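# Sequence first, then the predicted structure:
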Amino acid sequence: MTRISVVIPAFNEEELLPRCLAALADQAHALQAEIIVVDNASTDRTAELARQAGATVVHEPRRGYVFALGRGLATARGSVIAVTDADSMVGPRWLAGILAALEQPDVAGVTGPVAYEGSAYLTWCAKSMPHELWGANMAFRKADLEATGGLDMDVNLGADIHLDAQMRRRGRIVFAPEVVVTTSSRRFVAQPVRQSVLFTVNYFWLKLFGTSLFWGFEAIRESAPALALRARRRRTALGVSLASLVALYLSVAPGSSVFGEVVRPHVDKKMVALTFDDGPNGDATRAIVDILTERHAAATFFQIGDRVVADPATARYVSDHGFPIGNHSWDHSFLLPLRGAPRVEREIGSASAAIENATGVTPRYFRPPHGWRSPQLLLAARREHLTLVDWSVDPVDYLTNDPRRIADRVVRRARPGSIILLHDGIEDGLGVEARRGREGTIAALPAIIDGLQRAGFTLVTVDELLAEHELESGVVAVAAVTPAAGRVR
């Protein structure tokens, strides 16, 4: 009777099966072991190559590891059955180590170290796992398997883990250091997250409930160079994505000056600056100007060039009432920071020209649309002699018409030196049409002014806030106040 049979389930393994069989050849010959390759409905030369290497080939038409393993176990004539995978290479003392371990009558199963090619991390994980029967490296007596009722054909993914539980009812599972197998890491190289999660969840499900949650792994048969290339591309894509996310954050975060200086004043006095974006917007802008004028409250408006061209009278109304106007780009485009420096400079310059033509005042400050910044945008602003001004308090009035919510957010978040972002116009946001008249902001404005003043804040222009910042910072600089800014009370 054949003493030991080696069962190797194989599906489309023409690339890796030859080295698997070559690693077995000498020791199998020395021990007269039977080598059975189970061709699991392969469509390549798996069966042909197995025959050329002298292995016994049996066919299992049903796709699935458990079906192939079951066919191999039923075919095996040896009293001891050893199992490995077609993408694995056994060590030189693999069979001898298995037979030596199973000479102990209380031992029902044998396993050993599994090393993953090209992945020290996966190898470390394998060492850290409990010593259980692994599909790439396991052996047991055929009689013990039959005594437990045989292989459970309902468990495919985790069939080896399920088999381990069966064999433990017959005796000990031993870990033999000389029973070494090196296996491919292709599955985890190709799909590291998916395969790791699939394996881990299914493993614990089997341990808890005695059955598998998933049927099987996706077959991955790419060559090692192809997988390595895929892994490099994935790492590159991940690196680019992370770098892009960091760059995006740094380009929009109000506290970031990574692409160049953006003014965010720090003052000890309780001074805040109200600012209004995206106008001029006809009656909405005029209503805001009227409320500010009536309450002797200062503010600064950042206007969009093409809106100024479309409504120069309202831009002039803002300026004539003594409120400074800053540049808020030509058309408020999301893409402005991504455009080339010459075009960015043209668009910013066109916006400044439109404001100057309508009001007679040249803007001194620039607020990027949506707060997005880039090196070329900051360079273009400097060439236009504009200082970048962002904000520090945003009540998101572009997403709500609730005046109480808008006012509460402003008053609650205001700090000395805060620049508060509000809108007299609107260019984007969910439900933009419902808020185009700015009813919520207009209704909230008296409560904002009253709330800030009750809290001890003085409302000033951006010019005045920056002048105080320079004074407290010890910067010797005298800001040239524009005629419009000089008329703000």
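Nice, I can see it. Every value quoted in this text rests on a predicted model; they were computed, and no experiment measured them.

# Now Phe42: closest residue in space that isn't a chain neighbour?
Actually, residue 42 is Ser. It isn't Phe. The shortest distance from Ser42 to any non-neighbouring residue, by CB to CB, 6 or more residues apart in numbering, is to Asn12 (4.9 Å). (Each C-beta comes from the backbone N, C-alpha and C, glycine too.)

# tell me the SS of the one you found?
Three-state assignment for Asn12 (DSSP: H, G, I helix; E, B strand; the rest coil): coil.

# ok, it touching Ala219?
Yes. The pair Asn12 and Ala219 passes the contact test of CB atoms under 8 Å, sitting 6.9 Å apart.

# So if I had to pick from the two, which one is more boxed in?
Asn12 (18 against 11; other CB atoms under 10 Å).

# where along the stretch 1-150 of the chain do the helices fall?
Remark: helices assigned in the stretch 1-150 of the chain by DSSP state H, counting those that start in this stretch are 17-31, 46-52, 65-75, 94-101, 120-128, 142-147.

# for the shortest one, which positions count as buried?
What that stands for is helix 142-147. By 16 or more other CB atoms under 10 Å, the buried positions in helix 142-147 come out as 142, 144-145.

# where does this protein dip in pLDDT?
Along the chain, segments meeting pLDDT under 70 span 1-2, 223-225, 227-228, 231, 243-264, 428-431, 473-489.

# Tell me how it divides into domains.
For the chain, automatic domain parsing gives the domain ranges 4-221, 228-252, 271-486.

# My read is that Met153 contacts Leu69, right?
No. Taking CB under 8 Å as the definition, Met153 is not a contact partner of Leu69, at 9.4 Å.

# more neighbours, those two?
Per other CB under 10 Å, whichever of Met153 and Leu69 has more neighbours is Leu69, with 25 against 13.

# So Val309 sits against Ala353, correct?
No. Val309 lies out of contact with Ala353 (CB under 8 Å); the separation is 9.6 Å.

# Am I right that Phe302 sits in a strand?
Yes. Secondary structure of Phe302 (three-state DSSP): part of a strand.

# Show me the beta-bridge partners of it.
Per DSSP bridges, the residues bridged to Phe302 are Asp277, Gly326.

# go on, Tyr116?
Tyr116 has these beta-bridge partners by DSSP bridges: Thr183.

# roughly how far apart are it and Pro92?
As defined by CB to CB, to the nearest Å, Tyr116 lies at a distance of 19 Å from Pro92.

# So between the two, which is more surrounded?
Counted by other CB under 10 Å, Tyr116 and Pro92 do not tie: Tyr116 has more neighbours, with 21 against 12.

# sorry, back to before: output the buried residues of helix 142-147 in CSV, with distance to Ala96 appended to each entry.
Below are these laid out as CSV (distance: CB to CB, whole Å):
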residue, distance to Ala96
Lys142, 19
Asp144, 20
Leu145, 21
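
# Closest to Ala82 out of these?
Ala82 has its nearest neighbour among the buried residues of helix 142-147 in Lys142, at 10.9 Å by CB to CB.

# these two touch, right, the closest one and Thr75?
No. Between Lys142 and Thr75 there is no contact under CB under 8 Å: 11.1 Å.

# Closest to Asp397 out of the buried residues of helix 142-147?
Distance to Asp397 across these (CB to CB) is lowest for Leu145, with 72.4 Å.

# ok, and the closest non-adjacent residue to the closest one?
In space, and not counting its chain neighbours, Leu145 is closest to Leu73: 6.8 Å by CB to CB, 6+ apart.

# The one you found: what's it in contact with?
Contacts for Leu73 (CB atoms under 8 Å, 6 or more residues apart in numbering) come out as 7, 81, 142, 145, 150-151.

# go again using 7 Å as the cut-off
Leu73 is in contact with 7, 81, 145, 151, counting by CB atoms under 7 Å, 6 or more residues apart in numbering.

# how distant is the helix or strand Ala380 falls within from the center of its chain?
Using DSSP states H and E, Ala380 falls within helix 375-383. Distance of helix 375-383 from its chain centroid, counting by CA atoms, centre = their mean, to the nearest Å, is 30 Å.

# which helices and strands sit right next to it?
Counting contacts by 3 or more CB pairs under 7 Å, 6 or more residues apart in numbering; DSSP states H and E, helix 375-383 packs against helix 341-359.
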